[in-house]
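Undergrad: quick one: sequence plus predicted model below, questions after.
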Amino acid sequence: MRRTNVKAAIEVLLNIFCLVSAATMLILVRTTLQANFSGSSVCYLSSTNDASPCSKVFGLALVSCALSMLLALFQFIHCKLCGIAFILDFAIAVSGTIWWVAGSLFLEQQVAKANAVKVGNQSSRDAVYVLSIVSALSYMLSLALTSYALFKECVTRKPQMQHDFEV
């Protein structure tokens with residue numbers, strides 16, 4: 001399968017964007033949304049200041065960083081894998097889309113509850129939620145590009161006839 005330069009450039013940019021988005025979320029969670037008071041951790045993503053939402057978002061972003069790095073690896077060694085990289089690109093794009101849609105839905109609930117009771121650091125909390133939506137959309141666009149490329153390859157590929165016998 002051949003990739004066009006434009007498609008490859010868009011995929012690389014989307015991948016970089018997802019990586020930066022996840023890294024920004026990691027920084028926001030650790031610097032502004034999580035605090036330690038008297039030996040216990042408090043998270044400003046939670047309406048009850050429970051620490052688990054920050055841990056979940058941190059894990060969400062770490063897995064996303066790993067997916068982005070894995071996708072980058074496949075994008076750079078694409079020509080060496082005899083077309084398998086398209087399948088791996090597709091699998092990672094599907095995984096990233098599902099991951100961030102689920103994460104965005106989780107964050108939507110957490111942010112709405114925390115904003116309703118006026119927990120501090122609302123702007124950082126809102127930024128993490130927006131970044132999760134942007135990450136989901138980036139993976140969706142990557143999925144659309146990869147799906148299109150796979151579909152195009154399957155439609156335009158000419159079947160090769162193999163004969164078990166010679167006449």
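TA: Yep, it's here. Not measured: the values here are computed from a predicted model.
Undergrad: report the contact partners of the residue most central in space within the chain.
TA: Note on the chain: the residue nearest the mean C-alpha position is G96, at 4.1 Å, using Cα atoms, centre = their mean. Shown in contact with G96 (Cβ atoms under 8 Å, 6 or more residues apart in numbering): 18, 64, 67-68, 71, 135, 139, 142-143. (Each C-beta comes from the backbone N, C-alpha and C, glycine too.)
Undergrad: please redo it, this time with the cut-off set to 7 Å
TA: G96 is in contact with 64, 67, 139, counting by Cβ atoms under 7 Å, 6 or more residues apart in numbering.
Undergrad: buried set for the longest helix along the chain?
TA: If you go by DSSP state H, the chain has its longest helix at helix 122-156. For helix 122-156, the neighbour count (16 or more other Cβ atoms under 10 Å) marks 124-125, 127-129, 131-143, 145-146, 149-150 as buried.
Undergrad: so where is the chain shaky, pLDDT-wise?
TA: 1-5, 75-85, 157-167 (pLDDT under 70).
Undergrad: what about the strands in it?
TA: 34-37, 40-43 (DSSP state E).
Undergrad: which of the ones you listed has the highest mean neighbour count?
TA: Greatest average neighbour count among those goes to strand 40-43 (a mean of 16), per mean count of other Cβ atoms under 10 Å.
Undergrad: outside of it itself, list whatever touches it.
TA: Defining contact as Cβ under 7 Å, 6+ apart, one finds that strand 40-43 is touched by 33-35, 49-51, 53-54.
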